[in-house]
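Novice: The sequence and its predicted three-dimensional model are supplied below.
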Amino acid sequence: DYFGLREQMLISYGTPVSIAPYYELYKEKPRTAQRQVNALVWQQVSDMMLNITDLDNYDAIDFLRNTYGIGYARHLGLDPDRLPEKLQADKDFFAKLDTLKQGDPEVINNIYDRTRVVLEDISRHRIADSDFDKGHNPLRLLAEGAALLFLLPGFIFACVPNLLVWYAPRPLTSKMSAMQHSGVKFAVWAVAAMPLLYLIMFAAAWAATGSWIIALAYFCSLPFLGIFAWRYTKWFSRWVRQWRFRGLRTSGRLDGTAALRKEIHNNLDTLLKQTKKQ
């Protein structure tokens, strides 16, 4: 997740690449040697990552791997909550889709076109695909609302020292691509902004209370307050989204989306089973 905090990250290093075999060629034809080394490195990197080469349908494939792909990973006996296993399932999923497209591009492109319709509906209504698989019991939502209201004063207290920390990278990331956000947030947020701002909060607490012990206790609590505020924010956003989904589903405005989604999943089940038999 390029935009969130406290998310998982998978780093793969692969195996070392020796450029010794290209030394003699480099002395005679440096550009040719560079191209061959680049091709070797690219091949190894490509094997380690999820490389969606169908760029025309990238949005549909990416959406399917993060929705239908969750159940597909479990079908393979893999845990979609563990990034190495999710990567393995995603690579297998795309490879099968690519094989199917080579055999019958019309069928697969039709699935991609319908997937985009579902994706557009979900984006327009500001809901999540996973909402379709949950009941969203109103009593549970009411209980969660009461809990959120009860914890609201704590959330406000936790936000005061952490808002500046969260928003410190914004001036930089607003002009960068999504893939650069996490690096900048780590460099600015974790290495520079957090220690500096937390020390300022420590000094302010000391000045306000006159006790360095209270100030130190407050300083030590700041990271935990930040975690609480972030989780509260995500919980509140999910709660609002689930109420929205329930209202849309009750009014029937999502009936067409739900039916199309189920049809796509059934089609994929049938096609992927056929690919497995072959």
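Specialist: That came through, no problem. Numbering: from 1, shown residues only.
Novice: low-confidence ranges in this structure?
Specialist: 1-4, 188, 274-278 (pLDDT under 70).
Novice: now the helices: where do they sit in it?
Specialist: Secondary structure of the chain by DSSP state H: the helices cover 23-28, 30-48, 58-66, 68-75, 83-103, 105-125, 138-167, 170-173, 178-184, 194-209, 212-251, 255-277.
Novice: Tell me which residues of the third one come out buried.
Specialist: Right, the one you point to is helix 58-66. By neighbour count on 16 or more other CB atoms under 10 Å, the buried set for helix 58-66 is 60, 61, 62, 63, 64, 65. The C-beta positions use only the backbone N, C-alpha and C, and glycine is treated the same way.
Novice: For the second one, give me its contacts.
Specialist: It refers to residue 61. Counting by CB atoms under 8 Å, 6 or more residues apart in numbering, residue 61 touches 52, 54, 94, 97, 112.
Novice: Return the distance of it relative to residue 72.
Specialist: Per CB to CB, to the nearest Å, residue 61 is found 12 Å from residue 72.
Novice: now do the last one
Specialist: Noted for residue 65: a distance of 8 Å to residue 72, by CB to CB.
Novice: Please enumerate the shared neighbours of those two.
Specialist: Joint contacts of residue 65 and residue 72 (CB under 8 Å, 6+ apart) are residue 93.
Novice: sorry, back to before: now rank the contacts of residue 61 by neighbours and give me the top one.
Specialist: residue 97 (24 neighbours; other CB atoms under 10 Å).
Novice: I figured that one hits residue 108, correct?
Specialist: Yes: at 6.4 Å, residue 97 counts as touching residue 108 under the criterion of CB atoms under 8 Å.
Novice: if we can go back for a sec, widest-spaced pair of the buried residues of helix 58-66?
Specialist: 60 and 65 (9.8 Å; CB to CB).
Novice: Just give the nearest non-adjacent residue to residue 26, would you?
Specialist: Nearest in space to residue 26, with sequence neighbours left out and distances taken as CB to CB, 6 or more residues apart in numbering, is residue 33 at 3.8 Å.
Novice: surely that neighbour meets residue 20?
Specialist: No: using CB under 8 Å, residue 33 makes no contact with residue 20, being 11.4 Å away.
Novice: Which one's more surrounded, the two?
Specialist: When neighbours are counted by other CB under 10 Å, residue 33 and residue 20 differ, and residue 33 comes out ahead with 18 against 6.
Novice: mind listing what that one touches?
Specialist: By CB under 8 Å, 6+ apart, the contact set of residue 33 is 22, 25, 26.
Novice: Restricted to buried residues, select the residues you listed in PyMOL.
Specialist: In PyMOL syntax, the buried subset of the contacts of residue 33 is picked out as below (16+ other CB under 10 Å):
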select buried, resi 22
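Novice: roughly how far apart are residue 153 and residue 160?
Specialist: As judged by CB to CB, residue 153 and residue 160 stand 12 Å apart.
Novice: next one: residue 41
Specialist: Distance, residue 41 to residue 160, using CB to CB: 48 Å.
Novice: swap in residue 186?
Specialist: Using CB to CB, we find residue 186 at a distance of 23 Å from residue 160.
Novice: Also residue 49?
Specialist: From residue 49 over to residue 160 the distance is 41 Å, taken as CB to CB.
Novice: repeat for residue 35
Specialist: The gap separating residue 35 from residue 160 is 56 Å, by CB to CB.
Novice: can you check residue 8 too?
Specialist: 28 Å.
Novice: Next: residue 91.
Specialist: Relative to residue 160, and taking CB to CB, residue 91 is found at 44 Å.
Novice: ok, the two, which is more surrounded?
Specialist: The neighbour count for residue 91 versus residue 160, taken as other CB under 10 Å, is higher for residue 91 (17 against 11).
Novice: What's the local residue count around the residue lying closest to that one once chain neighbours are set aside?
Specialist: Sequence neighbours aside, residue 50 is the residue nearest to residue 91 in space, at 5.6 Å (criterion: CB to CB, 6+ apart). By other CB under 10 Å, 16 other residues sit near residue 50.
Novice: my guess is residue 50 meets residue 93, correct?
Specialist: No: with contact defined as CB under 8 Å, residue 50 does not count as touching residue 93 (9.1 Å).
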